[in-house]
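1. Curious how this folds, go ahead:
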Amino acid sequence: ILSEKKKKNNIDFQNDQKIHVLDKTKGCCVSGLISDSRKIIDKVRIYCENKFFLLNSYPNLEDCAELINKLTVFNNISNDEDKNSTRPIGASFLLFGKDNNKFELIKVEPSGCYIKKKILTIGEGSNDGLFILQEGYRVNMKISETKILALKTLRSITESTINEGNIEAAMLTKTSNLTILLKQEIIDTLRMI
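-> Here you go, the predicted structure:
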């Protein structure tokens with residue numbers, strides 16, 4: 001999973017996290033209004049932790065998508081159960097994770113509708129990015145090949161030059177839990193393209 005951080009001003013840029021860890025095998029990438037997405041991500045994290053605490057198992061990815069759907073449709077991201085906002089949520093969500101060693105991607109749109117496919121993109125330029133990913137994707141790709149494909153896709157749809165300062169990346173493999181890539185790992189991958 002790869003995301004570009006767009007610099008609007010220095011204060012927002014430092015707190016502009018686009019990739020979030022939900023639990024050890026699930027994450028979420030967001031596009032749009034960070035304040036809206038942050039509130040929803042916090043509620044999904046609490047849901048995941050509560051389910052693990054009570055049942056000793058994490059919810060599946062589709063349960064998380066349904067929760068985001070419910071929160072966006074009713075726009076009840078406040079703590080007051082009786083109050084619903086009249087404005088729509090201004091964020092899209094790309095949930096990613098593995099359940100029973102099977103990888104899944106789910107895109108949740110601002111309307112609350114969600115789509116489950118093998119290749120998905122969100123945000124500005126997502127249609128072009130989706131086309132590039134569909135052209136370059138193969139079922140049994142190596143980790144280095146997937147990193148290069150993701151960076152080439154992002155580079156082709158962004159307006160600015162990509163570097164380790166304006167990219168966030170996360171990786172999930174069959175043998176490891178979800179990890180957010182460090183800047184040095186991003187630099188090493190950028191050198192390969």
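
2. What is the neighbour count of T173?
-> Neighbour count for T173, taken as other C-beta atoms under 10 Å: 12. All C-beta atoms are positioned from the backbone trio N, CA, C, and that covers glycine.

3. Oh, that last question was meant for P110, not what I typed.
-> By other C-beta under 10 Å, 16 other residues sit near P110.

4. next one: the one 5 residues further on
-> Other residues within reach of I115, judged by other C-beta under 10 Å, total 11.

5. List the strands paired with the longest strand belonging to the chain, with their directions.
-> Taking DSSP state E as the criterion, the chain has its longest strand at strand 91-99. Sheet pairing of strand 91-99 (DSSP bridges) gives strand 26-32 (antiparallel), strand 102-108 (antiparallel).

6. Can I get it as CSV, trimmed to CA atoms?
-> Only the C-alpha atoms of strand 91-99 are listed here, as CSV (Å, rounded to 0.1, in the frame of the first residue of the first chain):
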residue,chain,number,x,y,z
ALA,A,91,-13.0,10.8,2.9
SER,A,92,-12.5,7.5,1.1
PHE,A,93,-11.0,4.5,2.7
LEU,A,94,-8.9,1.6,1.3
LEU,A,95,-8.9,-1.3,3.8
PHE,A,96,-6.3,-3.9,3.4
GLY,A,97,-5.4,-7.0,5.3
LYS,A,98,-5.3,-10.7,5.5
ASP,A,99,-7.8,-13.1,6.9
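
7. What are the boundaries of the strands in the chain?
-> With DSSP E as the criterion, the chain has strands at 2-4, 19-23, 26-32, 91-99, 102-108, 114-117, 167-171, 179-180.

8. would you turn the ones you listed into CSV with distance to Y58 and mean pLDDT?
-> CSV is the format used below for the strands of the chain (distance: least, C-beta to C-beta, whole Å; pLDDT from 0 to 100):
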stretch, distance to Y58, mean pLDDT
strand 2-4, 23, 88
strand 19-23, 5, 93
strand 26-32, 7, 93
strand 91-99, 9, 93
strand 102-108, 13, 94
strand 114-117, 18, 94
strand 167-171, 17, 91
strand 179-180, 17, 90
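
9. Now render those as TSV, adding distance to T72.
-> Converted to TSV, these look like this (distance: least, C-beta to C-beta, whole Å):
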stretch	distance to T72
strand 2-4	20
strand 19-23	16
strand 26-32	11
strand 91-99	8
strand 102-108	7
strand 114-117	10
strand 167-171	22
strand 179-180	25
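
10. right, and those - which one's nearest L151?
-> strand 2-4 (6.8 Å; C-beta to C-beta).
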